[in-house]
Structures are given as structure tokens and as C-alpha cells.
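Colleague: coords please:
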Amino acid sequence: MEINDLTPAELRVWRAFVRGERVDFRTREDEDAAAGASWGPERTLRASALKALLLHAPQEDGEIAALKVSGARVTGTLDLTHAVLGSHPVRLSHCHFTERPELYGIQLRRLSLQGSVLPGLGLGSARVDGTLRLSGCRFSGPVQLAGTEISGALFLEDAELTAADGTGPVLKLNQAVINDDLWAPRLRARGEIRLNGASVTGSVNFADALLDRDGETALDAQTLTVDGDFQLRRARVRGWIGLRGARIAGRLDMSYAHLSNPSDAALRASSSTIGELWLRKGPAMEGTLNLRRAQIEVLFVEPEMVPERVLLASLAYTSLTPHMPAERRLPMLERDGDGYVPHAYEQLTAAYRRIGDDHAARLVQLAKQRRHRSTLPWYGRLWGRVQDAAVGYGFRPMRAFGWLLSLLAVGSVAYALEHPPPLKPGEAPDFDPVFYTLDLLLPVISFGQEAAFAPTGWRQALAYVLVLTGWILATAVVAGVTRTVNRP
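Modeller: Sure thing, here's the model as predicted:
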């Protein structure tokens with residue numbers, strides 16, 4: 001394109017480019033780029049002119065060329081597919097694009113479209129040797145960044161993403177590599193955000209974001225790798241978040257967040273590896289919480305945020321905070337959609353033991369036995385109830401002592417009121433109602449009373465009851481104590 005073919009607006013940009021100067025067509029700084037369709041020729045730039053400028057503009061010695069334009073209307077398709085722009089930074093801020101820029105495979109220094117309005121962006125498999133700034137942009141079509149490598153940060157704060165047809169991903173970052181932060185606080189996305197297989201060296205920040213795709217995938221980040229934190233503080237998500245197989249070295253922070261997907265899972269983090277998971281200070285999650293096979297160093301969960309259905313099979317965590325009584329933690333295990341999951345109880349028990357709360361650990365083990373009892377046949381459930389009533393499955397041993405004292409008192413009083421006759425008068429020892437009752441209750445100890453006397457009538461029936469009860473109590477004590485001694 002010859003310089004004589006340029007419009008006055010384009011000529012102004014052309015002359016500023018070689019010196020790296022900024023051209024601002026705006027009438028005021030708070031001007032809304034959404035009104036760009038009505039901007040006249042005095043601030044209209046053809047995409048073909050911009051392409052020619054970036055690829056063929058002359059250089060001036062001692063000057064660093066850069067495209068810096070604000071408040072322009074860009075018509076036509078800016079097609080720079082596989083272009084190599086070298087060291088030229090490109091800044092087209094607060095502009096209005098009539099067509100989607102096609103920048104697939106481009107290589108450039110820096111790119112900023114801050115505050116612009118675009119019908120989408122094709123920037124897949126590109127290489128940006130610096131920052132990519134899409135802050136405050138409004139996209140009415142998909143943003144394609146799949147496979148792109150960014151040596152700096154990706155800025156999406158205050159951006160708005162909407163799919164033109166209401167379906168499909170509005171942001172594709174799958175397999176992208178970001179060697180700094182993915183910074184997107186207050187992002188508004190009405191459609192799917194796809195981060196499958198992406199790698200972020202810094203942190204991911206979706207604080208105060210609105211992700212809206214009711215009943216479907218709002219954020220799909222399977223096998224995502226984040227070397228820092230993943231922030232979703234105060235985020236509002238309608239749809240589900242997928243983190244299956246993700247690796248987050250720092251903190252996955254969902255404090256104050258509202259996750260809603262009542263018909264299915266709200267958070268799917270199965271098989272993920274997370275440094276810290278924070279679920280706190282927010283409303284209860286609406287939908288299923290899936291943490292199957294996840295490995296978490298610190299699980300910071302407040303019971304109020306746990307939904308009515310969880311999936312915890314093979315979840316492993318080192319510590320559980322904040323410290324709370326076992327009675328507040330156990331309901332979460334009872335909501336497991338997989339039914340009785342012994343491993344979940346063992347994990348909670350281990351967490352309490354690590355901080356020295358043996359009382360809470362025993363309560364969790366007791367709850368585990370009671371939950372297990374519900375899975376047994378009727379005779380197993382009956383025997384379980386006996387063990388529970390007798391010694392609390394070995395975790396309440398003093399209960400057996402109380403039963404023994406009660407039965408001893410009943411037998412002693414009954415036999416003191418009416419002594420049983422001796423088997424061999426003149427050879428029997430003096431009758432002692434207390435030791436006679438102990439002889440009946442304790443199956444492995446003999447005081448010589450039971451063999452010397454032969455009760456009749458109701459006293460004989462009472463003796464049978466005491467003997468039978470003694471055997472049941474002794475067996476329950478042995479079973480419970482054995483379980484307690486052998487517990488991990």
C-alpha cells in the first residue's frame with residue numbers, strides 16, 4: 001500500500017508509528033468504544049492499512065517503532081496470520097473493531113487491546129514475547145488463545161465475554177503457556193471458559209468474577225497446572241467448574257464464593273493435586289462437591305459451605321482446618337453419594353490425631369462403626385447394636401463397667417433377699433450374694449459360689465439371665481478392646 005492511498009487518519013497513525021508515538025482519536029477519556037459504529041472517517045482505520053503498516057513501514061534510525069492507537073474504528077479483517085512483527089509493540093486500546101482480528105500463529109513483542117470492543121479474537125498458537133492485555137475488552141464472539149505462549153502475564157480484568165450464538169467456549173486457553181499470571185478479576189463470561197492442559201507459572205486470579213453457563217460447563221480446567229494460587233474469592237459461578245487432574249501448587253481459594261449447579265456437580269476436582277483448598281465464608285455450594293482421589297495438603301473447609309452431596313472416595317489430605325468438634329465434621333461424611341466410604345472416616349480420624357485430639361478421633365471411629373453397621377445383614381446389625389450399647393465399639397470402655405455394676409447390684413440385692421439352697425448342705429461355703437453374682441457374670445473367673453448353690457424358680461431364671469448377659473458383655477468388651485488396640 002502506497003502512502004498516497006492513506007486517509008488523513010491513517011496517515012497520522014503511519015507517521016506516529018515510526019517514532020513510537022501515541023495517536024488518540026477520543027474526544028474524552030471515558031468515551032465508550034461500544035458507540036464506535038457511528039464514528040466517522042476522521043477516526044476510521046482500515047485493517048488493510050494497519051497490516052501494511054506493521055509489515056512494511058520504514059524504520060527511522062534511533063527510533064523504536066510501535067503502533068499505539070486509542071479510540072479508532074477499525075474496519076475490515078485485521079489478518080496477520082503467521083506474521084512476525086519482531087520488536088514492534090501493538091496497542092489498539094479503546095477501539096471498535098467491525099470484524100474479528102485473525103492473528104493465528106503471530107509472533108510479536110506485546111499486544112494490548114485494552115478497553116476495545118471486538119466481535120471475537122483469533123490468537124491461537126501465537127507467541128507473545130511480553131504481556132497480552134485484554135483488560136476491559138468486550139467480546140461478542142469467542143476468544144481463541146489455544147496453544148498460545150505468553151512470556152509475560154495475560155490481563156483480562158473487567159473484560160466481558162459473550163458467545164454470539166450463546167453456545168460453545170467464549171475463551172479458549174487450552175494448552176496455552178503463560179509464564180506469569182493469568183489476571184482476570186471481575187471478569188464476566190457468559191459461556192464456557194476452557195483451560196484444559198494450560199500451564200501458568202504464576203497465579204490465576206478470578207476474584208469477583210461472574211461465570212454464567214447455567215447447567216453446563218462454566219470453567220473447564222482439566223489437567224491445568226498452576227505454580228502459584230488459583231483465586232476464586234467472591235466469584236459467582238452458575239454451572240460447574242472442572243478441575244479433574246489439575247495441579248495447583250498454592251491455594252485454591254473459594255472464600256466467599258457462590259457456586260451453583262443444583263442439577264449436577266458444582267465443583268469437580270477429582271484426581272487433582274492441590275496445596276490448599278479453601279471453602280469458607282460463603283453460602284453453601286449448590287450441587288455436588290466431587291473430591292474423589294484428590295490429594296490436598298491443607299483442607300480449609302467450613303461445614304456451612306459443604307453441599308448436601310459430596311463424593312470423597314480416596315480423598316487424601318494432611319491437615320483439616322479450622323479445628324472443630326467431630327460432631328460438626330461428621331455430617332459431611334454422611335452425605336457421601338458413594339455411601340459408606342471407610343477411607344473418608346480414616347482420613348478424618350488421622351487429621352484429629354495429628355493435632356492430638358484423641359477424643360474427636362474416637363468419636364469419628366465410633367461413627368464409622370455405626371455407619372458400617374447399616375451395611376450389614378440383620379444379624380450383623382443386631383450384634384453391632386449390642387457392641388455399641390455395651391462398650392461403644394470399644395471407644396467407650398467405661399460403659400461396660402457401668403453395665404457390670406448395674407447387673408451386680410441387681411443380682412446382689414435379689415439373692416440377698418432370698419438365698420439359693422446349697423447343693424450339698426454342710427459342705428457349701430457361706431453364701432455371699434455379691435460374689436455369687438460375680439460368679440454368674442464373669443465367665444472366666446470362679447469364686448466357688450456358683451458351683452455350691454442351686455437356685456430354683458425365679459432365682460434360677462435370674463441366674464440364666466446373668467450368665468447370658470455376662471457372656472455377651474465379655475464378648476463385646478473383648479471385640480471392642482481388640483478393635484481399639486489394633487486401630488491405626
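Colleague: got the phi and psi for the residue lying closest to residue 71 once chain neighbours are set aside?
Modeller: Excluding the flanking residues, the one nearest residue 71 by CB to CB, 6 or more residues apart in numbering is residue 26, at 3.4 Å. Placement of C-beta: from N, CA and C, glycine included. For residue 26, the backbone dihedrals are phi -70, psi 150 (criterion: degrees, to the nearest 10).
Colleague: surely residue 26 meets residue 94?
Modeller: Yes: with contacts counted by CB atoms under 8 Å, residue 26 reaches residue 94, the gap being 6.4 Å.
Colleague: give me the common contacts of those two.
Modeller: 70-71 (CB atoms under 8 Å, 6 or more residues apart in numbering).
Colleague: not counting its neighbours along the chain, what's nearest residue 100?
Modeller: The nearest residue in space to residue 100 (CB to CB, 6+ apart) is residue 120, at 4.0 Å.
Colleague: so the one you found versus residue 139, what's the distance?
Modeller: 6 Å (CB to CB, to the nearest Å).
Colleague: compare these two (neighbour count), which wins?
Modeller: residue 139 (26 against 20; other CB atoms under 10 Å).
Colleague: ok, the more buried one - contacts?
Modeller: Counting by CB under 8 Å, 6+ apart, residue 139 has contacts 118-121, 159-162, 170.
Colleague: go with 10 Å
Modeller: Residues in contact with residue 139 (CB atoms under 10 Å, 6 or more residues apart in numbering) are 97, 100, 113, 116-121, 159-164, 170-171, 189, 191.
Colleague: and what of residue 87?
Modeller: Shown in contact with residue 87 (CB under 10 Å, 6+ apart): 64-66, 108-110, 129-130.
Colleague: ok, back up a step: just the contacts of residue 139: which are in strands?
Modeller: 97, 117-118, 121, 160-162, 170-171, 189 (DSSP state E).
Colleague: which among those end up buried?
Modeller: The neighbour-count test (16 or more other CB atoms under 10 Å) marks 97, 117-118, 121, 160-162, 170-171, 189 as buried among the ones in strands among the contacts of residue 139.
Colleague: which one of those residues sits closest to residue 199?
Modeller: Distance to residue 199, by CB to CB, is smallest for residue 171 among those, at 16.1 Å.
Colleague: any regions of the stretch 151-300 of the chain where pLDDT drops low?
Modeller: Across the stretch 151-300 of the chain, the ranges flagged by pLDDT under 70 are 164-167.
Colleague: kindly recompute the last result at 80.
Modeller: 164-168 (pLDDT under 80).
Colleague: same deal with the stretch 351-488 of the chain?
Modeller: In the stretch 351-488 of the chain (pLDDT under 80), the answer is 370, 372, 374-375, 378-405, 407-408, 423-428, 440-452, 454, 459, 469-488.
Colleague: where do the helices sit along it?
Modeller: Per DSSP state H, counting those that start in this stretch, the stretch 351-488 of the chain carries helices over the ranges 358-373, 378-391, 398-417, 433-441, 458-486.
Colleague: in the third one, which residues are buried?
Modeller: To tie it back to what came earlier, the one meant is helix 398-417. 399-400, 403-404, 407-408, 411-412, 414-415.
Colleague: mind putting those residues in JSON lines, distance to residue 424 included?
Modeller: Compiled in JSON lines, the buried residues of helix 398-417 are given as follows (distance: CB to CB, whole Å):
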{"residue": "399", "distance to residue 424": "39"}
{"residue": "400", "distance to residue 424": "35"}
{"residue": "403", "distance to residue 424": "33"}
{"residue": "404", "distance to residue 424": "30"}
{"residue": "407", "distance to residue 424": "28"}
{"residue": "408", "distance to residue 424": "26"}
{"residue": "411", "distance to residue 424": "22"}
{"residue": "412", "distance to residue 424": "23"}
{"residue": "414", "distance to residue 424": "23"}
{"residue": "415", "distance to residue 424": "19"}
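Colleague: tell me the two of these that are most distant?
Modeller: Pairwise across the buried residues of helix 398-417, and taking CB to CB, the largest span is found between 399 and 415, at 24.8 Å.
Colleague: and residue 339, what pLDDT?
Modeller: We have a pLDDT of 85 for residue 339.
Colleague: secondary structure class for it?
Modeller: coil (DSSP: H, G, I helix; E, B strand; the rest coil).
Colleague: next, count neighbours for it.
Modeller: Neighbour number of residue 339 under other CB under 10 Å is 9.
Colleague: distance of it from residue 461?
Modeller: The value you get for residue 339 to residue 461, if CB to CB is used, is 43 Å.
Colleague: and residue 100, by the same measure?
Modeller: 93 Å.
Colleague: return the residues in contact with residue 259.
Modeller: When contacts are counted by CB under 10 Å, 6+ apart, residue 259 is found next to 211, 218, 232, 235-241, 265-267, 279, 282-287, 289, 305, 307.
Colleague: quick check: bridge partners of it?
Modeller: residue 237 (DSSP bridges).
Colleague: next: residue 178.
Modeller: residue 150, residue 200.
Colleague: pretty sure it contacts residue 154?
Modeller: Yes: using CB atoms under 10 Å, residue 178 is in contact with residue 154, at 5.3 Å.
Colleague: which neighbours do these two have in common?
Modeller: 128, 132, 145, 148, 200, 202, 204.
Colleague: what is the burial count for residue 68?
Modeller: Using other CB under 10 Å: residue 68 sits among 18 other residues.
Colleague: correction: the previous question concerned residue 293.
Modeller: 17.
Colleague: show me the contacts for it.
Modeller: Applying CB under 10 Å, 6+ apart, the residues contacting residue 293 are 244-245, 269-272, 311-316.
Colleague: may I ask which two of the residues you listed are separated the most?
Modeller: Pairwise over the contacts of residue 293, using CB to CB, the maximum falls at 245 and 312, 17.3 Å.
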